[in-house]
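Visitor: Just the structure for this:
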Amino acid sequence: MSHNSLKILFLTTLMSGMLITISSNSWLSAWMGLEINLLSFIPLMSNNNNIFTTEAALKYFLIQALASSTLLFIIISKSLIESMFTVINSSFTSIMISTPLLMKSGAAPLHWWFPSVMEGLSWNNCFILMTIQKIAPLMLISYTINFNVFSTLIILMSIMIGAIGGYNQTSIRKILTYSSINHMGWMLTAMLMGENMWILYFMIYSLLTFTVISIILPFQISFVNHTYLINNENKIMKFLLFSSLLSLGGLPPFLGFLPKWMIIQFMVNNWSMMIISIMVVFSLITLYYYLRISYSAFIILNSEPSWSFKNNENKKTMLISLTFTSISMLGLIISTAFINIF
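Guide: Down below sits the predicted model:
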């Protein structure tokens with residue numbers, strides 16, 4: 001009971017820290033919200049029974065503390081030298097402020113801590129790290145980001161490293177980590193379109209990540225080979241898992257393709273053909289390693305049980321997975337039909 005009440009307390013302070021950052025009207029209060037958010041997540045990560053969790057919590061704390069102290073130093077220096085109202089106007093200052101925030105959110109090339117921290121966490125904490133913990137830094141980045149050489153390099157490096165890094169991975173956590181880095185590049189591009197676009201992208205990404213983790217969590221899958229022989233007597237869960245993964249990769253019939261489609265259209269209209277071509281090519285690589293896993297699990301390494309076993313699957317898990325996967329599969333079709341009708 002005590003453990004659950006502490007978890008609720010830290011989750012509440014974690015969310016409140018995020019909300020303080022989002023709603024703040026000064027950089028100092030935004031920094032304070034980031035610190036509350038960080039110090040609430042560290043106890044949630046820690047687990048005395050697992051040495052990998054303790055190591056991941058220590059790594060995460062050191063990296064986040066470095067980024068936070070750098071951000072605070074830049075804020076104080078800027079306020080001492082000149083008025084803080086020049087932050088948005090100055091290109092150099094926006095780069096300085098964006099750099100520690102990009103490190104906090106795990107964008108390339110400041111991503112080196114992200115895969116090793118993810119590898120030591122439970123699936124619930126992995127979801128928090130990939131989604132909730134990115135909201136506050138991304139919101140602050142959206143205030144300062146401009147279409148310049150720096151932002152273009154960060155976008156392209158995030159997409160390239162996210163695609164290539166996950167290519168030979170066997171750990172599901174690391175595959176989702178590099179997929180998250182790839183999506184960071186797309187989200188930063190969406191920020192150039194406007195606030196509503198990146199928020200829409202982030203919501204769809206969070207929904208798809210939640211769907212994948214809600215299917216993985218009951219079976220405690222950690223590696224690719226665990227998915228091959230999962231529940232062969234009931235192939236629905238296997239189908240739901242790989243449908244969600246392909247949607248996360250951005251396969252056109254699924255919901256995951258919708259925000260990418262909108263970004264591609266925007267970039268083409270703004271004559272950024274070279275950048276969007278590179279982004280699409282490297283996103284196809286991420287889609288390839290999802291397809292490779294799906295192909296192997298469904299066709300090559302599929303087996304039928306000789307005896308008829310009773311299916312003891314949790315009905316609640318099945319219902320949640322089926323609901324969110326249905327949204328993922330039919331979301332794009334419903335959205336386009338709604339736009340065409342109305």
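
Visitor: And the pLDDT for residue 317?
Guide: Predicted confidence (pLDDT) for residue 317: 68.

Visitor: mind listing what the residue lying closest to residue 211 once chain neighbours are set aside touches?
Guide: Nearest non-adjacent residue to residue 211, counting by Cβ to Cβ, 6 or more residues apart in numbering: residue 324, 4.0 Å away. Every C-beta, even on glycine, is put in place using the N, C-alpha and C of the backbone. Contact partners of residue 324, counting by Cβ atoms under 8 Å, 6 or more residues apart in numbering, are 207, 210, 211, 214, 244.

Visitor: Which of the helices or strands spans residue 324?
Guide: In this structure, residue 324 is located in helix 315-341 according to DSSP states H and E.

Visitor: before we move on, back to that, of the contacts of residue 324, which pair is most distant in space?
Guide: 207 and 214 (10.5 Å; Cβ to Cβ).

Visitor: rewinding a little: give the buried residues for the helix holding residue 324.
Guide: 318, 320, 321, 324, 325, 327, 328, 329, 331, 332 (16 or more other Cβ atoms under 10 Å).

Visitor: for these, which one is nearest residue 239?
Guide: So of these, ranked by how close each gets to residue 239 (Cβ to Cβ), first place is residue 325, at 8.4 Å.

Visitor: can I assume the closest one is in contact with residue 214?
Guide: No: applying Cβ atoms under 8 Å, one finds residue 325 not in contact with residue 214, separated by 9.3 Å.

Visitor: where's residue 144 relative to residue 167, distance?
Guide: Noted for residue 144: a distance of 32 Å to residue 167, by Cβ to Cβ, to the nearest Å.

Visitor: neighbour count winner among these two?
Guide: residue 144 (19 against 13; other Cβ atoms under 10 Å).

Visitor: Which of the three states applies to the residue nearest to that one when sequence neighbours are not counted?
Guide: The shortest distance from residue 144 to any non-neighbouring residue, by Cβ to Cβ, 6+ apart, is to residue 94 (4.0 Å). Under DSSP: H, G, I helix; E, B strand; the rest coil, residue 94 falls in the helix class.

Visitor: neighbours around residue 94, how many?
Guide: 20.

Visitor: That one against residue 142, yeah?
Guide: No: with contact defined as Cβ under 8 Å, residue 94 does not reach residue 142; the gap is 11.2 Å.
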